[in-house]
Structures are given as C-alpha cells and as structure tokens.
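Participant: test case, fold it:
(chains A and B)
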Amino acid sequence: MSQTASQSNRLAQGGQVDRTQTLTFTFNGRSYTGHPGDTLASALLANGVDLVNRSFKYSRPRGIVAAGAEEPNAVVQLGATEATQVPNVRATQQALYDGLVACSTNGWPDAQRDIMRWVGKLGSPFMPPGFYYKTFMAPASMWMTYEKYIRKTAGLGRSPTQPDPDIYDHMHRHCDLLVVGAGPAGLSAALAAARAGARVILADEQETMGGSLLDTRETLDDQPAAQWLKTTLAALAEHDNVTLLPRTTAHGYHDHHFVTLHERRTEHLGDSAPSQDGHRQARSRLHRVRAGQVILATGAHERPLVYANNDVPGNLLAGAVSTYIRRYVVVPGQKLVLSTSNDHAYRAALDWQEAGREVAAIVDARPAPQGDLVTQAKAAGIRVITGSAVIEAKGAQRVSAARVAAIDVDTFTVTGKVETLECDTIASSGGYSPVIHLASHTGARPVWSDDIIGFVPTTVAGVTATGGAHGVYPLGEVLADGVEAGVNAATALGFDATVNDADLPHVEPRHEGPACALFQVPHEKTTLRAPKQFVDLQNDVTAGAIEVATLEGFESIEHVKRYTAMGFGTDQGKLGNINGMAVAARCLGQSIPETGTTVFRPNYTPVTFGAVVGRHCRELFDPERYTPMQAWHVAQGAEFEDVGQWKRPWYYPRKRTDGGIESMAEAVARECRAVREGVGILDASTLGKIDIQGADAREFLGRIYTNKWQKLAPGRVRYGLMCGDDGMVMDDGTTSCLAENHFLMTTTTGNAAPVLEWLELWHQTEWPELEVYFNSVTDHWATMTVTGPEARKLLTDLTDIDLDREAFKFMDWREGHVAGVPARVFRISFTGELAFEINVQAHYAMHVWEALFAHGDKYNLTPYGTETMHVLRAEKGFIIVGQDTDGSVTPEDLGMHWAIGYDKPFPWVGKRALTRSDTRREGRKHLVGLKPKDASVVLEEGAPIVFDPKHAIPMPMAGHVTSSYYSPTLESGFALAVVKGGHQRMGESVYLPMADGRVHEAEIVGTQFVDPKGERQHV
Amino acid sequence: MFHIYCPYCEELREEEEFHPKGQAHIARPEEPDACSDEEWGDYLFFRDNPRGIHHEMWLHAVGCRKFFNITRNTVSYEILETYRMGEQPTVGAEHLAREEKTASVQAAEGGQQTVGASDAALASVKGAQA
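Facilitator: The predicted model follows:
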C-alpha cells in the first residue's frame, strides 16, 4: 500500500480546503496531515490510504467508495480517549479536526494483517447466504460460543466503557415549512417560501450547504456555482423567518409532519465539545420539528455497477471521484478507467484528466453514446470504448487493472473479447437513485420510473419531493423544480407566493443522451462461478448470494433481503438496494417493479444515543416524588423504596448497642414490635386521594365500587373494592363521606392516576348524566398514620378532637386541629391496631410530624417504613392490589363476599362478570394464608405451590405465594398465597419445591394471623 | 408521532399529551344481567382491527382530561376527524373509496387532513395552519 505523510494525492490549487492550516490526525495508529475543509475520508485519500476496513463477512480489504452518507466501507471508530469513543462514524461525513484519532471498526487484529482474510479466501464457499441460519443451528448450547466469535470478528464498533463527558440537547420546533437538503433544489425552495413569508427551517447534513453545487462543473448566470451558492445563502440568512441548520441530518419522519433532526454541533471541532464562556456546549442536538409542510430535497445517490471484484480498494463511485477532485482537491489514484451507463458520469474522467492524471478509457455500456459530455471527453482525447463495460477488477489490496469487454445488456452476456487495461482506479456509475428514505418513512410506497431508471417517491399530503429526490437531474430543471415546490408549499400554507422566472439563474442547457439500464454487469463465467460481484458492500452480499436465494425459492424481495442480509444495519441499502432488486428480478425473470422494493426505516444514518437521550438522564431521567417529610426521613437515615415515582421510607435502621447498624430484619422487627406494643408512625402521604363532589357522587360510588354506599353518613368511612367490568379486582381503599355530596376516595399509591382516569372514563362515556366531579388531591394532603395501643394517648394531648372510643368509633373520621393546624383525622387501620390517620395540608405536614415526635418521646414513638407496613398488614390478611392480586382475581377469590353488593339496584361495574361461567367455576385460585411447618422458613414470594411433591415433573401447579414475611409477633414465617380451591382446603398441607431441591411444606390457614377477631383496632 | 386536534381544547396538540383507549362507540349493555355469557364476553373482550377507517377513543390525559373520539386511517395514520363524546362520526369506510378518486387533488392541495367535528372546529384547524 502506498502511504506517505505528505498528502501525495493532494492537488496544489483549487477546491474548498484551507491549505494555510495543517491538521494532524491519526488513523490505525499512524499519523497523517490534512486541512480544514477535509473530511476524514478526503484526508485519508489525500495521504494515499487505500485500505480502511475489512469486510463484514468475508474479511476482504475495503477502501473508500463514496463521498457522503452512502459510504458503506469507511465506517470507523472515533475517539482519542476511552470516554469519547464513538462507533459507526462514516469517514465521509466526519469533518477533520486537529488531533482526531480514528481506527477501522472491522479487522481483527488489524485491518492490514487480518487473519480472517484466510477465512474469506478459503472459507467463502462455506459461507453461503443464510450462512448464520444454516451453520450455527446446532447444538443450541454452542450458540453463545459462536456468537462471541462472530461478534468479535464482525466488528460492529464498540461503545465507550467510560461515562460520556458531553451533554446533549433536545429542542422542540415548529415551522411552516421544513426543507430537508440544501442543494440547488432545497435552497431554491427555501428561498421561495421564505420570500412569501413562511417560517422555514432548512436542514442539511453536510459540513457546508450546497449539495451538488459544491462540485458541479456547471455555471449559474455564467458564474461558478460557488458564487450563486454564496449569494443565496446570504439571502436566506437575511430572512428572520429562516433557520439554517448545517451539519443536521433529518433522520426520521414520524407521522403528521413530525421530523427529527440530528444536529452535530461540535463534532467537527474535537473529540468532545469545547467550552464557551465557561460552559460546556451541547455536542449534539435533537430537533423535534412539527412542520406545516415538508419539502424533501434530499437528492440522489449514484448507483455503482456490479462487476467482479468491484470491492477491491480503488473501485469508487464516479460522482465521488468528482467530489474528491473538485471539492477536496484530492485525486484518489494515478490512472483511471470509468465504467458508465450514462452521460453524467463522464465528468469524473474530465475532472481526472484536468487534474493532470491519466484516464485509460471511458467504458460506456451504450452502443452509441452521444451527449455534450461525451463530445467533450472525445475532444479531450480520452478513449471511449462503447457497448462495453468493466466486467472485472484485478488486484488484491488495490486495483491493478480493469478487464473490459463488449456486453449485451438485454441478453446479459459478454459478447466480445476481453481487453485488460492497466489502472489503479475504476470509477463506475449505473445511474442515480433518488434518496427516498424519508419519503418511505411516511409509509408511502415508491414507484418505479423507466424514465429515470429508478424509484421515485410517492408522498403523503403536505410532503413534497423536489429535484433529484424525485428524479429531476439537469441543474436548470432542479432549480426551477425547487422554486415551484417552495411556492406550492407556501401557497398551501396560505401565503401569497408566485413563481418569478426572472429570479431563476441562467444555466446553460446541456444535452444528455439517454442512459441505459445496467445494474449487474455480465461476466464470461456465470454469476455463481465468476469472482464475487458485490451488491451490498457493508453486509457483504453478492449477486451470487441473491441468485442462490432465488434458486432456493425466495421470491419476495423482503424475504431475499432478510435471507441475504442485504440493506441491513446502518447502511439501510443506500448503494445496494436497487442493484439487489435488479439481480433478483433478473434471476426471477421479471421486471424490477414486479419484484417490488423494500422500504426504509428510520434512522437514515446512525444517531448517537446521547442525542436521543438529551437531558433525560441521571436525575432528570424520571421525576422523583417526595412527601413533605422527605428531609426528616433522610436525616433519620431511612432506607428508601421506589413506589412508582415516589421515594418512600423502607425502614429506619438505627445504631445497635454494639455500635453497628441494624440490618433490615432487625429494624423491621423493632418497628413491628413498637406498633404492636406501643405506638408507631408511618408517612402515608403517597396514598392516592381523589376528592369527589356532586349531587350524584353517592350514586356514582355505588356503581363503581362493588359494595354499598347509600347509607354511609357524613363522618363515616368505608372500605371499598373496585373491579373492572370483567369482575377482576383492580383497586381498593377507603372512601370517607365528608358531607352529603362530598367524598374523599383513597387509592393504592401506584394506582392514583389510573383510578382517577377510570372514574372519568365511566362518568364521561357511560353516565354523563350524573352530576359528579373528580379532583386529584394526593399532593395537597399529607397523611401520617399514628398506630399502636398507645396511639390515643399520644394524640389526645395534641388535638381538640374528642378521641373517646365511643365518640370517635372505628371507621369514623373527624375534623379538628392537630398540633394547632386544621386536620382531618380518620380512624381506620391498616395494621390491625388502634390507628388514627392524620391528614393535614401538605405545607403544615413537617410541623405536625415534628410536633408528634416532640410529644411522642415519652411513648417511644417509632417511625416505621413500608416493609414494616407490609408485615403488619399481611399479619392481618389485608391485601395489596397488584401484589396479592394480578388482574385475574375476583372479590370472591379473595374471600371478600362481604364487600359485594349483589342486591344493589344498579348493575355496578364488574357485577355481571362475577356470574360468568368462568368466575363461577370450581377450582379457581383463592387467597389463603400459609403457615410453613418449619417456623424459621420464610417462603419465597412467587414460589409455585403443588399438592403432590412426588408427582412427576412437570408437576401441576396449584398456585403461588403472593406475600411472605417473617413475623416478629408470631416468631414465625408466614405467607399469603393463591391456591386452587383454597377456601375448601383449610388445614391441608401444600408443598413448595424450590430450585435448590428443598421442598417446603406449609399448612393452608386463614388470612388473619394476628388478632383474627379484629378486636385490637376497636379499642 | 401524531398531531391530534382535541375537540374540547380546540387546538392541535402533540400525541404525548394523549392516551389511546381503544375502539370507540362500544356501548355497555343497558341490562347486563339480561346478557348471555357470550354477549358479555363480546362486550368485554372483542374489538375490531380494521385496515382503513377506525373510530377510536382517546383521552387528553395531560390536557383537559376529556375523552373524545378520532376517526383514523390505520394504513396512512391520517386523522380524518375528531369529535366529542356522544357525537357520531361523519367519516366512514366509504371515505376511502372517495379519497382514492380524489387522491391527486388532495396531494396537490397539500395541507393537514385533520377535520374537526364541526365546521367551527374545521375553521379553527385551518386558522391554526395559516
């Protein structure tokens, strides 16, 4: 490989690089130089670096093929430090900066000495299409080994192992018109719409706006294209209603004119974003744009011809050759052969010759090409071989010659003698494919056009493709097409816009002869015997592989694609798709439109995860909700548990007398004893609270709950059970009658929002005639549960409410003051002990909480967390919806027949389903208690239950454990479980076979383990 | 991501503000106890999954908290109308046949295809675009 540090392929003059500055960069450990204005790809070519990667499957040497987003080979790993590693960067899209470090992603141990090439050479007959499906099928246990090996050799790049130092942004934008692509069509469209007054966003993926104008040979108004480009960009910049977004890729269209744009803000400046005014800038920004109209001016990608060994470094797209020469002033070789099916590609040979290097020949597939560029080439003395094509490239690490022969396109045969032309570069062009990716994200199917030999997009309403993106190629027509699209879009948006031909620059019309439809080039040998003819370079899919797929019976192009992996991965078929379809069509003996096309999915090019995530990471990933007492809990050293978005104290570990810190079991045991023997306090503020008012509030409750509400008097509280209309329990809680038409409903913590939505659903869609209003008051009220035998004594001194057991009965609530602030106190119990739930306005909560502790010292008032709450409630058989139920449990399955008002007049939600055959059948799972035979055993939650542990595997499952704890009160493990027919099996034994081989035995008992008569809560 | 016209707020809002709630116009039987198990099962569990015009219920969950209905083309994802709870759709399956005939005209006109429940709503959509 020829390789110097002196940019031997760089021309002395012209182009758009700044030769006054030199940038140093490293590729695969070697240092090179380039200039501002270079991409990594142009700088590598300037330095004569031919080999940039090893191919995905066959590990063949690969070089740079294209100059833009369609590059399939030069996909590199970027980053000088571990933290700044970026995989999957196209060298053709990465601006060069000083100190850039990149390496090949494929090629293990390195791209130049790749041991895998022996697999490629020797093993390729053994790697047919569907290779992975066919080869790595058996034994299944070996897959992990295969996969590790395949991944390592496939080399898809790697993510950094250290945290990303950069920050990323999201921005929401609205505009009248979004124009994607700032080539001649996009610029014209944007300017036309902007002049009419539309708010326009113009996004372009390249370092510099201009698209094809950046390397065209044509003139506008008799000036170089660069002049018109400069004037037009300046005119756009003058408009306040125009936002120009360079380095910004529209990577996805997501319904109703919602388009995501990935703006690379600092990727051209360095490894990580530089600081500005002491602040680190956002490296990338994801724009979420909702546009009134969208214009796709995304241009066209040139199609390479498919000939033998067309993947050897030195095989390039004709247009890329022109781009490198004209824009980057890099000639990627010494001697060129151009193989083409159209006039336009001739410019590559002209550019090459004008750069002072030799053109061996232009090989044109058409028998009698005639057009202005053909004439020019002949006039320049370039040999033009007609009716022929390059059928094979010679060379291993770099092209050394082209084998050229006369061909018959229609019969797919080589018709003449093969001539070998020495050269180091073969440029090819099989025509142009409109870039229809975004258009097909809309769901609109592209249609084949014989006129342009390519697919043109159809679009949904309000989305317009213009210029090359819908197959209009001559520059003058492209400019006019863009203006028309801009004017039409502005008019559709209600602006007054007209086409003014005088605004259009003059472009000298150029005569171009018709192109011929050539995709795969015939070889003397059959496709299956000829050297590999690559269709998809990134995924190593050959024409032969596609032929094999069709021979094996794959007819649908979607199946061929999946079987061969064509168009997969980050490439998304940019270069290969149409050629692949053409090969499939030839093999199946049908036309390309009959074969169909595959559509593309977002993203057009890879988007860094940082941009997708934006600021939604770390503490901003998901909101955390705190109760008003959070600071106190933290100060007490509480451990926290996540309940939905809430942070709830889990338990409060204290210092042991020996100086250590209590374990969770020790803390929970202490907290449980405090509640059962003295007094404890729980922060229950997270419970969902819904304020319900209206003349029909009571009627509504009767319809939505399974039990009765007609007689609940103000001052009273009732437990309510809520079912779906399928009869399955979906929530429970207490509801208090605050006044005749005013209720306060509580829900489980996690269900607060869904229950409110549920109430609204029934009111709005089924019973709008009921006068009832719902409002979430969860955050407005803080709730503290004071519970235990000493609860009344503690509270008496702090409240003006009469706490006498007769005046303030169990399931009553009273209004008054606690610690001097207005409070609602509810005498309800989730522990089975005497309990008062104090509700105060959230802003007073910390004051009341601290007052309770100041006063509660003498009662040894003990804060307890959710774990103790769970133990205490389970000891009493109180269920947690979602833990002891799972959406398949009826109230009767829970043994809560007492909470079902079958005789209520209105057919309440869930009632009918409770008499369906399925909910009435024998053998449903019932909620029961389980007492392990060995008191020291705490059964595993979720453990399966069987009746016969000696049954052959698989054993019929009889149920599972739903809640299980150690009870300090019982000095035993205990559990709640659902067991088939459990209510009829009291006293029977069940068995729990564990993964470690042990089998636990447990007795089915009632669900109330402590105080089964429920006397303690009434004291 | 959809752009949805809430017939109560009378504005186009982002899909993130809404929850889809499934097929619209599923009436709860007036007398559940008179339903057979099969009829009740149909009401509870069976839903249409049409290719083309679909009437579906949505909730403006973090907006006005109102339930409303959308007529949507499940192929193109085009929202053809939105209308309030209790109202009937004006666009049905016959719309698609008509649309095919006029497809070229619509494409040329461009513009959002959202149609409000009433003329007033329609006017306000157009107004928002201007």
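
Participant: just the residues contacting the helix or strand hosting residue A:722, thanks.
Facilitator: Residue A:722 is part of strand A:717-723 when elements are defined by DSSP states H and E. By C-beta atoms under 8 Å, 6 or more residues apart in numbering or on different chains, the residues outside strand A:717-723 that reach it are A:701, A:704-707, A:709, A:712, A:729-737, A:745, A:755, A:758, A:811-813, A:826-828, A:890-891, A:896, A:899-900, A:909-910, A:913-914. Glycine gets a C-beta too; all of them are placed from N, C-alpha and C.

Participant: just say helix, strand or coil for residue A:817.
Facilitator: Under DSSP: H, G, I helix; E, B strand; the rest coil, residue A:817 falls in the strand class.

Participant: what's the burial count for it?
Facilitator: Neighbour count of residue A:817, defined by other C-beta atoms under 10 Å in any protein chain shown: 15.

Participant: repeat that for residue A:966.
Facilitator: Residue A:966 sits with 18 neighbouring residues when counted by other C-beta under 10 Å.

Participant: same deal with the one 10 residues further on?
Facilitator: Look at residue A:976: counted by other C-beta under 10 Å, it has 27 neighbours.

Participant: three-state assignment of it?
Facilitator: For residue A:976, the assignment made with three-state DSSP gives strand.

Participant: and for stretch A:773-784, what's in contact with it?
Facilitator: So stretch A:773-784 is in contact with A:627-629, A:681-694, A:744, A:752-753, A:756, A:759-760, A:763, A:824, A:837-842, A:844-845, A:848-849, A:852, going by C-beta under 8 Å, 6+ apart.

Participant: give me the residues contacting stretch A:409-420.
Facilitator: Outside of stretch A:409-420, the residues within contact range by C-beta under 8 Å, 6+ apart are A:365, A:385, A:387-388, A:391, A:394, A:401-408, A:516-518, A:520, A:522-524, A:586.

Participant: residue A:176 should be in a strand, yeah?
Facilitator: Yes: counting by three-state DSSP, residue A:176 is part of a strand.

Participant: ok, the spatially closest residue to it that is not a sequence neighbour to residue A:211 distance?
Facilitator: Spatial nearest neighbour of residue A:176, excluding adjacent residues (C-beta to C-beta, 6 or more residues apart in numbering or on different chains): residue A:198 at 4.0 Å. Applying C-beta to C-beta, to the nearest Å, the value for residue A:198 to residue A:211 is 21 Å.

Participant: in its sheet, what does the helix or strand just after the strand holding residue A:722 sit against?
Facilitator: As assigned by DSSP H and E, the chain's next helix or strand after strand A:717-723 is strand A:729-739. If you go by DSSP bridges, strand A:729-739 pairs up with strand A:717-723 (antiparallel), strand A:742-747 (antiparallel).

Participant: and the pLDDT for whichever residue of the stretch 601-750 of chain A sits closest to chain B?
Facilitator: Nearest residue of the stretch 601-750 of chain A to chain B (C-beta to the nearest C-beta) works out as residue A:726 at 5.4 Å. What the model reports as pLDDT for residue A:726 is 96.

Participant: so it versus residue A:893, what's the distance?
Facilitator: Distance, residue A:726 to residue A:893, by C-beta to C-beta: 13 Å.

Participant: for residue A:749, same thing?
Facilitator: 23 Å.

Participant: go on, residue A:453?
Facilitator: The spacing between residue A:453 and residue A:893, counted by C-beta to C-beta, is 68 Å.

Participant: please apply the same query to residue A:571.
Facilitator: Counting by C-beta to C-beta, the separation of residue A:571 from residue A:893 is 55 Å.

Participant: more neighbours, these two?
Facilitator: Between residue A:571 and residue A:893, counted using other C-beta under 10 Å, residue A:571 has the larger neighbour count: 24 against 20.

Participant: nearest spatial neighbour of the more buried one, skipping sequence neighbours?
Facilitator: residue A:538 is the one closest to residue A:571 (C-beta to C-beta, 6+ apart), at 3.9 Å.

Participant: so how far is chain B from that neighbour?
Facilitator: 30 Å (C-beta to the nearest C-beta, to the nearest Å).

Participant: burial count for that residue?
Facilitator: Per other C-beta under 10 Å, the neighbour tally for residue A:538 reads 28.
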